[in-house]
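Q: Build the 3D model from these lines:
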Amino acid sequence: MTNSTHHLSVRSRVANAAGMAARFASRALGRGSGGMIGGEVAMRLSPRFLAELAAAYSCVIITGTNGKSTTTRMVRAALESAGSVASNTNGDNMTSGVITALMRGKDAARAALEVDEMHVPAVAAEVDPAVFVYLNLSRDQLDRVGEIGSVERRLREGAAAHPGAVIVANCDDPLVVSAAADNPNVVWVAAGAGWGGDSAAYPRGGRVVRGDGGWHLIPAFEGEELPSLNRRPTPHWWLTDVDLAPEGPRALLHGPNDTAVPLALKLPGRANLGNAAQAVAAAVAMGIDPVIAAQAVSEVTEVAGRYSVHDVDGRRSRLMLAKNPAGWQEAMTMIDPGAAQVVIGVNGQVPDGQDLSWLWDVDFSLVNQPGRRVIACGERGADLAVRLEYAGVHCELASTPMDALALCEPGRVEVLLNYTAMRDFTIVLDRKEGKK
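A: This is a model prediction of the structure:
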């Protein structure tokens with residue numbers, strides 16, 4: 001099956017042409033990838049454009065606080081075994097970015113769509129997804145996103161409006177369980193939950209108690225009635241034989257009907273094994289063979305520049321992204337223990353969240369190793385350096401990630417950056433490498 005614009009109304013065909021032109025102009029003028037502007041233009045010309053466009057696709061929506069882009073890339077890889085797939089590959093996860101992704105997928109019948117948590121109900125109302133993937137929920141930038149309870153309600157609202165969809169949900173995260181619990185078609189995945197600091201209270205009542213590899217609820221006050229689902233659901237998919245080898249994590253993924261498929265990832269960290277497990281479960285829900293899906297996700301090597309390795313004047317630099325307390329805590333476990341040089345960069349622009357008080361919630365002592373050199377940088381590098389010193393991590397200070405790398409000796413360097421620090425640094429890298 002191939003996609004086209006023949007099913008669009010005349011107004012939406014005009015909007016499609018205008019949006020594609022705006023995207024091309026943005027790229028040609030060096031104003032960006034065009035991942036947002038094309039969708040913005042099309043949506044303004046035809047308010048029903050997204051619904052009309054999405055009617056030709058079978059869609060998967062991937063959302064959560066951390067891991068959206070990586071899991072979307074993995075789902076896309078698995079679905080591509082059955083044909084072309086539309087996807088917002090650069091993390092443009094608002095409504096306009098979803099529109100642009102579908103506009104570009106003219107030959108695709110399926111779509112893997114990363115969607116910002118707060119936009120899930122609105123996007124889902126238009127694309128009518130076959131599958132949702134709910135990864136995890138934790139506190140993000142409060143000045144931009146809001147309290148975690150409001151995010152959980154948005155995901156619950158999105159799922160409830162689509163009772164026929166399959167919800168692939170992380171049963172290790174109580175907030176995700178609450179968001180998915182009412183739906184009749186939930187596929188529970190034991191994806192893990194390294195950060196539990198934001199789910200001490202259950203949104204439907206009760207207090208979360210963790211232990212023995214799971215969690216359950218107890219009354220928060222005397223006489224409180226607990227919800228019917230008051231403990232970790234039994235997973236349909238789970239991991240065994242986990243090996244966090246430096247060359248890439250490995251595990252055996254178990255699923256329904258005695259399925260057991262190996263995962264041997266090229267991306268680092270325990271969290272990415274969980275992302276891979278949910279990606280395989282989503283692909284299977286879309287009709288992909290689990291063996292093929294597992295092989296496909298295992299071949300993913302980078303995600304919009306994340307985890308990519310660059311030679312910067314003899315410094316072999318691997319880039320990793322972290323955006324919030326949970327993401328930073330997980331990213332630090334991905335640092336190669338043998339790495340003798342680490343660069344950490346933090347900006348405080350609007351997409352990052354301008355309030356960086358959350359730095360004090362992260363246990364940066366994990367970075368500390370005898371003989372390791374740590375360099376803080378970025379617009380808020382001084383704030384970061386103070387936090388690192390309080391954590392017992394002696395560091396140097398540089399202005400930009402490129403300046404920090406210049407201070408490093410030739411050899412391996414692990415580079416951890418937040419959102420705009422990563423964005424700006426990859427632009428500099430692209431120019432240096434002759435890509436732009």
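Q: Quick check: which element contains the closest residue to residue 240 other than its chain neighbours?
A: Closest residue in space to residue 240, ignoring its immediate chain neighbours: residue 252 at 5.0 Å, by C-beta to C-beta, 6 or more residues apart in numbering. The way it works is simple: take the backbone N, C-alpha and C, and place the C-beta from them, glycine included. If you go by DSSP states H and E, residue 252 is part of strand 248-255.
Q: Repeat that for residue 101.
A: Counting by DSSP H and E, residue 101 is part of helix 95-104.
Q: quick revisit: so what's the residue nearest to residue 240 up against?
A: When contacts are counted by C-beta atoms under 8 Å, 6 or more residues apart in numbering, residue 252 touches 239, 240, 241, 260, 261, 262, 263.
Q: Residue 291 belongs to a strand?
A: No: Residue 291 is assigned helix when assessed by DSSP: H, G, I helix; E, B strand; the rest coil, not a strand.
Q: burial count for the residue nearest to residue 426 when sequence neighbours are not counted?
A: Leaving aside its sequence neighbours, residue 426 sits nearest to residue 305 (C-beta to C-beta, 6+ apart; 4.8 Å). Number of residues near residue 305 (other C-beta atoms under 10 Å) recorded here: 18.
Q: Regarding residue 305, what are the backbone dihedral angles?
A: Backbone torsions for residue 305, taken as degrees, to the nearest 10, come to phi 90, psi -20.
Q: How about residue 93?
A: Residue torsions, per degrees, to the nearest 10, at residue 93 are phi -110, psi 10.
Q: Who are the contact partners of it?
A: Counting by C-beta under 8 Å, 6+ apart, residue 93 has contacts 68, 113, 114, 115, 116, 119.
Q: what's downstream of the strand holding residue 252, the next helix or strand?
A: For strand 248-255, the succeeding helix or strand toward the C-terminus, using DSSP H and E, is strand 259-264.
Q: which of the residues in that following strand are buried?
A: Residues of strand 259-264 classed as buried: 259, 261, 263, 264 (neighbour count, 16 or more other C-beta atoms under 10 Å).
Q: What of stretch 341-352?
A: Buried-residue list, stretch 341-352, by 16+ other C-beta under 10 Å: 341, 342, 343, 344, 345, 346, 347, 348, 352.
Q: Export those residues as TSV, with columns for secondary structure, distance to residue 80 and pLDDT.
A: Converted to TSV, those look like this (DSSP: H, G, I helix; E, B strand; the rest coil; distance: C-beta to C-beta, whole Å; pLDDT from 0 to 100):
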residue	secondary structure	distance to residue 80	pLDDT
341	strand	36	97
342	strand	34	97
343	strand	34	97
344	strand	34	97
345	strand	33	96
346	coil	35	95
347	coil	34	95
348	coil	37	91
352	helix	32	83
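Q: Wait, residue 262 touches residue 294, no?
A: Yes: Residue 262 is within contact range of residue 294, at 6.6 Å (criterion: C-beta atoms under 8 Å).
Q: quick one: which of the buried residues of stretch 341-352 is nearest residue 219?
A: Each of the buried residues of stretch 341-352 was checked against residue 219 using C-beta to C-beta; the closest is residue 352, at 38.5 Å.
Q: Can you verify my assumption that the closest one contacts residue 423?
A: No: contact criterion C-beta under 8 Å: residue 352 and residue 423 do not qualify, at 9.8 Å.
Q: Now for residue 9, how many residues are close by?
A: Neighbours of residue 9 (other C-beta under 10 Å): 12.
Q: What pLDDT does the model give it?
A: Here, the pLDDT recorded for residue 9 equals 73.
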